[in-house]
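Colleague: Need the 3D shape of this:
(2 chains)
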There are 2 protein chains.
Amino acid sequence: MEQFNNVTILKKANTYFDGKVTSRTIVFNSGETKTLGIMMPGEYEFGTDKKELMEILAGNMEVQLLGSEDWMTITGGQSFEVPRNSSFKLKVTELVDYCCSYLSE
Amino acid sequence: MEQFNNVTILKKANTYFDGKVTSRTIVFNSGETKTLGIMMPGEYEFGTDKKELMEILAGNMEVQLLGSEDWMTITGGQSFEVPRNSSFKLKVTELVDYCCSYLSE
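Modeller: Sure, this is the predicted structure:
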């Protein structure tokens, strides 16, 4: 899907790591929320409350999920899931454009 | 207004200057478009087709409109207009979160 129709978008950006990661929050009529965000090259770690689906629209990164030794290479068109109440480490090697969905299990 | 309701948002980000400036396009039912964007600290120049209203939600920058010698200091909560078919120079000193409206005169 190339666009989201009939949604609410919060004007103010979410910013992390001195603006190297930023996103906008989108609210659907169902109450579900997603964020559309940008990650500049760099290394980051994020925690999760809900289960998350990270859809990479463009860019290149390595991802390590909590409890795993392995680093997964993720590029544009690919996605990965992060369990709720967990965390994941990221090494962004090429500007990442992403869509994060917060899933109620 | 803190949010835009009932809009369409294009998933893919607009990226400029190696990702130091990025934005998302929002389309209103009226057909009007706006972008919500982020500018990292740095110096940029943009051209305009339509007249633009640049609303600075947060951050700090200096702006010079085409044909002017003066630099205006613009901070969060302030805005400025750029005529159509023109251009403007920017010196961003603190991460800028902005909303750009494209005005049909």
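Colleague: Please work out how many residues are found near A:Arg24.
Modeller: Applying other C-beta atoms under 10 Å in any protein chain shown, we find 24 residues neighbouring A:Arg24. (Glycine included, C-beta is placed from N, CA and C.)
Colleague: Setting the sequence-adjacent residues aside, check what's closest to it.
Modeller: A:Leu36 (5.4 Å; C-beta to C-beta, 6 or more residues apart in numbering or on different chains).
Colleague: Mind checking what secondary structure A:Asn5 has?
Modeller: Going by DSSP: H, G, I helix; E, B strand; the rest coil, the secondary structure assigned to A:Asn5 is strand.
Colleague: okay, now it: neighbour count?
Modeller: Using other C-beta under 10 Å: A:Asn5 sits among 11 other residues.
Colleague: same question, A:Thr33
Modeller: Residues near A:Thr33, counting by other C-beta under 10 Å: 16.
Colleague: residues in chain A within reach of chain B, list them.
Modeller: A:1-13, A:15, A:18-19, A:22, A:24, A:26-27, A:36, A:38, A:40, A:57-58, A:95, A:97, A:99 (C-beta under 8 Å from any C-beta of the partner chain).
Colleague: how close does the residue nearest to A:Arg24 get to A:Trp71?
Modeller: 25 Å (C-beta to C-beta, to the nearest Å).
Colleague: ok, these two, which is more surrounded?
Modeller: Neighbours were counted for A:Leu36 and for A:Trp71 using other C-beta under 10 Å; A:Leu36 has more, 24 against 14.
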